[in-house]
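Engineer: Just need the structure, nothing else, for what follows:
(2 chains)
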There are 2 protein chains.
Amino acid sequence: MNSPQISSKIKEQVHKAREASLVLANLDNLSKNKILFNLGESLRENYSEILVENSRDMAEAEKMLKSGELSESACKRVFLNEDKIEQMAQNCESVASLPDPSGQVLKATRLDEGLELFRVSCPIGVILVIFESRPDVVIQIFALALKSGNAVILKGGKEAQNSNRVLTGLIHKTLDTYKTAPINSVSLVESRDEVAELVKMSAELDLIIPRGSNELVQHIQKNAQVPVLGHADGICHVFLDEAADEAKSLEVSLDSKLDYPAVCNASETLLVHQKFSDELFSEILLKMQDSGVELRVCFETEQRLQNFPQFKLKKAVEEDWKTEYIDLILAVKTVKSAEEAVQHINHYGSKHTDTIVTENSELAEWFMNAVDSAGVFWNASTRFADGFRYGLGAEVGVSTGKIHARGPVGLEGLVIYKYKLYGNGHGVGRYSDAKRELLHKNIGMD
Amino acid sequence: MNSPQISSKIKEQVHKAREASLVLANLDNLSKNKILFNLGESLRENYSEILVENSRDMAEAEKMLKSGELSESACKRVFLNEDKIEQMAQNCESVASLPDPSGQVLKATRLDEGLELFRVSCPIGVILVIFESRPDVVIQIFALALKSGNAVILKGGKEAQNSNRVLTGLIHKTLDTYKTAPINSVSLVESRDEVAELVKMSAELDLIIPRGSNELVQHIQKNAQVPVLGHADGICHVFLDEAADEAKSLEVSLDSKLDYPAVCNASETLLVHQKFSDELFSEILLKMQDSGVELRVCFETEQRLQNFPQFKLKKAVEEDWKTEYIDLILAVKTVKSAEEAVQHINHYGSKHTDTIVTENSELAEWFMNAVDSAGVFWNASTRFADGFRYGLGAEVGVSTGKIHARGPVGLEGLVIYKYKLYGNGHGVGRYSDAKRELLHKNIGMD
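Structural biologist: This next block holds a predicted model:
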């Protein structure tokens, strides 16, 4: 905390979160679950108070929409109703029902008689989560953070500040009922200046999770002196190999693009082997076009499709290969080989999720090892890259980083481990000069 | 690569390392082991060439020692002889004998018939390792990086540049013999300017491991836009509780300080409960003093020891609680409670390794959860915090960070995972509107 520009208010808030995290590290699973069940009930009981506060935000959000400060989709995400509050309550209960990710013995080694080493999962500590619009994120993140034993500082959007406050207030009320977890297990930060200060407090936070727009995430990744878990872009590729099956090519390429184009795991670029059937290629692209997709194609693709006059094609430019459209736009490129496809993906992709369609199993295995992405699929839609579809139970976010956690991150991304060594007064001097050897025996589960 | 100040030479080097890493990600264990065994033989065969180059470095290092540019211990670490070369060769062979950390199935889930998801360990990618003095680090790090499938860029100290070059040359010769792993799997960077450029290339490196002085590590941690694995300080604590056993108190406190004071896992501060026996306390401190340890004590400790005139005590100041002496100096503090001990450790410590001596098992368990350090010990010396003592087989470094890997880090710290999804043409549309449910069944090992 050397930076003079950090206010004492923020310092105090981080300090209290740190203190809370040390208490949470000792909290048992039953106590955590009691809090989560009580919070679920409290959300149901106080739904009218929540809706009153949310309607104040909505009035403000609609003004921001008119003035162009807020997009229509962001404005929609602020909105809560009784159904959404019920979903939040159920979310608390479903997180409670998951196994405690903390306190798991990951490895156990007997070093000597009466000297046993355990690698045990434990909370990370203090986590800052930055999000936009959706106030239900307050409940979702608190539930995940509490379950994993972390203290969390939340920075929500101004457009949902009254909703965020009332929800945080309900959490504090529940924490105050049990007094097992400190009130400061969760706290709210509201101004942009405060978040800028927080991002600089490298020694005092353990992890930042930005959830929101590309710009937000890139800004955090660039400025944080703390590890950041998240993803800025989702530039996902479908590669149709020369040995691709017809039906699989159709389903995987269309589902990847059309199932839900506005999300990070939708495909943005279709790579097609030069020996892939021109007929099938045009059939796929025609279905895309008929579904409203704008096609931006490379020169070779344009040549291949010149006998199909029904196409309205645009020329792809360099920028198209590195753009996350999250829209009904598809970049299309013909490649000479699977190697060229892999090179393209590793160069222009965002390490999110990429898929190959082929009947050549050896090539598929090579592709999955050579593509440097969190998700590498064979004959499956990129849209499967999702914590719930993966069966992780809950999703903290999607990481395109290369350490700690990758791809859709569940509760296990909020824990790390520590080494616990249980001795009997042992010093290492007993083992010097080969007087005695360490055993290094795995301790079985029996 | 937006920064204009990055030279094309460094860009090219990183680019080639990236290309090499993608090949390494597909390299089988047998091919890796062949390279490591061949390199071991090559080191033995070329020992005289290595010693010639090393003697040139030693001549230079001794000049630097005289001018005060290099410390005596750093100068010693540059020195190689036939024994050390044999150790390097054996190191290659022992890393080869470890299981491949890459390609391990960590989790397997059946999402549906013909749709199976695997979380598989894989290399991280391109790693920059910065080290000082010891040229044998070139071989050690290359062996670990190759075994885990990572490309590595090495930045050694100027004082060992001829040794580093000849060793890197031998690695390149071995790689060229087999042509399975690219020459650019390992490369050397020599100037400080180049390393400054590399530290800035956030998008292009995946991990930085600084091994060396506190200043070096702190500088890297502060300036890197890439995750850093390492530790700056090792401020380890021994806490003697009121319920501590006499023999255990003696062995643990003395071994932690005296076994090897110049290393990061030696203790720097002794915390003693106010109800701990004054007789035993003075016996321990007297043994410390007799072994040449300078004692810097708090006011209460001074009071407790006033009946023991044989002590030469210094008053501890605030700075003492946060200093890594790595020397025969010990800070000593009397605490009112285990809570105060834990608060002191979490406030002043470096999250490395801390130990409690007590017969109270409940208190010990609480201490181990509440102390936020990579290693939390009960009745055992802090000196056990070491990759080889832990049985990790090889040590990449010691991490005091809170994500990815913590404490002594073995080969598993050089891998991450990716999700491989094997489908049969599946799109997520098949599961929309509850048409069909995903199974999420664990796939057993049978």
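
Engineer: tell me which element residue A:208 is part of?
Structural biologist: Under the assignment given by DSSP states H and E, the secondary-structure element containing residue A:208 is strand A:207-211.

Engineer: Partner strands of the longest strand along chain A and their direction?
Structural biologist: Across chain A, the strand with the greatest residue count (assigned by DSSP state E) is strand A:415-426. Sheet pairing of strand A:415-426 (DSSP bridges) gives strand A:115-123 (antiparallel), strand B:375-380 (parallel).

Engineer: Tell me which of those lies nearest to residue B:402.
Structural biologist: Nearest to residue B:402, of all the strands paired with strand A:415-426, is strand A:115-123, at 9.3 Å by Cβ to Cβ. Every C-beta, even on glycine, is put in place using the N, C-alpha and C of the backbone.

Engineer: remind me which residues of chain A are low pLDDT?
Structural biologist: A:1-5, A:202-203, A:445-446 (pLDDT under 70).

Engineer: per-domain residue ranges of it.
Structural biologist: Here the domain parsing of chain A from automatic domain parsing is A:8-223, A:236-390.

Engineer: Just send the strands paired with strand A:415-426 back as CSV, with distance to residue A:155 and mean neighbour count too.
Structural biologist: Output for these, formatted as CSV (distance: least, Cβ to Cβ, whole Å; neighbours: other Cβ atoms under 10 Å in any protein chain shown):
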stretch, distance to residue A:155, mean neighbour count
strand A:115-123, 20, 21
strand B:375-380, 31, 27
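
Engineer: can the ones you listed go into CSV with extra columns for distance to residue B:281?
Structural biologist: What follows is those, written out as CSV (distance: least, Cβ to Cβ, whole Å):
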stretch, distance to residue B:281
strand A:115-123, 25
strand B:375-380, 17
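
Engineer: between those strands, which gets nearest to residue B:431?
Structural biologist: Between residue B:431 and these, the shortest gap by Cβ to Cβ is with strand A:115-123, which sits at 31.3 Å.

Engineer: sorry, back to before: relative to residue B:92, which of the strands paired with strand A:415-426 is closest?
Structural biologist: Nearest to residue B:92 among these is strand A:115-123 (27.0 Å), distances taken as Cβ to Cβ.

Engineer: Let's see the closest one as PDB, backbone CA atoms only.
Structural biologist: The C-alpha coordinates for strand A:115-123 follow below in PDB (Å, rounded to 0.1, in the frame of the first residue of the first chain):
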ATOM      1  CA  LEU A 115       5.800 -36.500   9.700                       C
ATOM      2  CA  GLU A 116       3.000 -36.200   7.200                       C
ATOM      3  CA  LEU A 117       2.500 -33.700   4.400                       C
ATOM      4  CA  PHE A 118      -0.900 -32.700   2.900                       C
ATOM      5  CA  ARG A 119      -1.700 -30.500   0.000                       C
ATOM      6  CA  VAL A 120      -5.100 -29.100   0.900                       C
ATOM      7  CA  SER A 121      -7.400 -26.800  -1.100                       C
ATOM      8  CA  CYS A 122      -8.100 -23.500   0.500                       C
ATOM      9  CA  PRO A 123      -9.700 -20.100  -0.400                       C
END
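
Engineer: tell me how far that strand is from the chain's mean position?
Structural biologist: 27 Å (Cα atoms, centre = their mean, to the nearest Å).

Engineer: wouldn't residue A:265 be in contact with residue A:386 here?
Structural biologist: Yes: between residue A:265 and residue A:386 there is a contact under Cβ atoms under 8 Å: 6.3 Å.

Engineer: For residue A:415, which residues are in contact?
Structural biologist: Residue A:415 is in contact with A:101, A:102, A:121, A:122, A:123, A:124, A:148, A:149, counting by Cβ atoms under 8 Å, 6 or more residues apart in numbering or on different chains.

Engineer: Indicate the residue of the stretch 151-300 of chain A located nearest to chain B.
Structural biologist: Chain B sits closest to residue A:255 of the stretch 151-300 of chain A, with a gap of 2.7 Å, by Cβ to the nearest Cβ.

Engineer: where does that residue fall, phi/psi-wise?
Structural biologist: Backbone torsions for residue A:255, taken as degrees, to the nearest 10, come to phi -60, psi -40.

Engineer: ok, now residue A:24?
Structural biologist: phi -60, psi -30.

Engineer: show me what contacts the closest residue to it other than its chain neighbours?
Structural biologist: Of all residues not flanking residue A:24 in the chain, residue A:149 sits nearest, at 4.5 Å (Cβ to Cβ, 6 or more residues apart in numbering or on different chains). By Cβ under 8 Å, 6+ apart, the residues touching residue A:149 are A:21, A:24, A:25, A:27, A:32, A:102, A:122, A:123, A:415.

Engineer: Recalculate using a threshold of 7 Å.
Structural biologist: Taking Cβ atoms under 7 Å, 6 or more residues apart in numbering or on different chains as the contact definition, residue A:149 lies against A:24, A:25, A:27, A:102, A:123.
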